[in-house]
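> sequence plus predicted model, see below.
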Amino acid sequence: MITILQRILSSLWAGSIWFSGLVAAPVLFNLLADNKYLAGQIAGTLFRANYYIGIVCGVILLIILLFTCHNRSLFKQLLFYVLVFMLALVAINLFGIHVALDNLRSGISMNSTNADPTFARLHAIAMGIHLSLCVLAAFLVSLNLPQKPSSSLAAR
């Protein structure tokens, strides 16, 4: 039962990361090409929701890992480090960079957000973090896949 929950949470988190960054945001900016400010507002809201999903899924996955480690050390589990790193990146983006971007956006007119070098730098960092989360999400899902039974060669 727990492994099924782990797989569902991992898939939900990874899917939300991939969808928001690789599908939703590009589609938004393509459809709203004449109003990038609005596209940015909507994308920011989507990313914020995505990061809250990540915090919930990540914390539950860490709790499950804590209770299912049994005799193995928690700190010897690759999954533990992937989860902690992903949660740290989510926290940096959600509580640091997105807050700073929102503050900058509130003080800038609708047409000049791209002209501000601080905004552009923070936006690039946020994009880099999200890209890192996309890669880590693939590791997260693969670490929660069922283990293959030993091959027939090993049985001989």
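Great, that's in hand. All figures in this text were calculated on a predicted structure; none of them were measured in a lab. Residues are numbered from 1 along each chain as shown.

> so, low pLDDT: which residues of the chain?
1, 71, 108-115, 147-156 (pLDDT under 70).

> longest helix of it?
helix 36-68 (DSSP state H).

> centre of the chain to it, how far?
Mean C-alpha position of helix 36-68 versus that of the full chain (CA atoms, centre = their mean, to the nearest Å) differs by 6 Å.

> name the residues of it that are buried.
36-37, 39-44, 46-47, 50-51, 53-55, 57-58, 61-62, 64-65 (16 or more other CB atoms under 10 Å). The way it works is simple: take the backbone N, C-alpha and C, and place the C-beta from them, glycine included.

> what count of nearby residues applies to the residue nearest to residue 68 when sequence neighbours are not counted?
Nearest non-adjacent residue to residue 68, counting by CB to CB, 6 or more residues apart in numbering: residue 2, 6.0 Å away. The number of residues packed near residue 2 is 10, by other CB atoms under 10 Å.

> doesn't residue 70 make contact with residue 2?
No. Assessed by CB atoms under 8 Å, residue 2 is found out of contact with residue 70, at 11.9 Å.

> how far is stretch 85-98 from where the chain is centred?
With CA atoms, centre = their mean, you get 9 Å for stretch 85-98.
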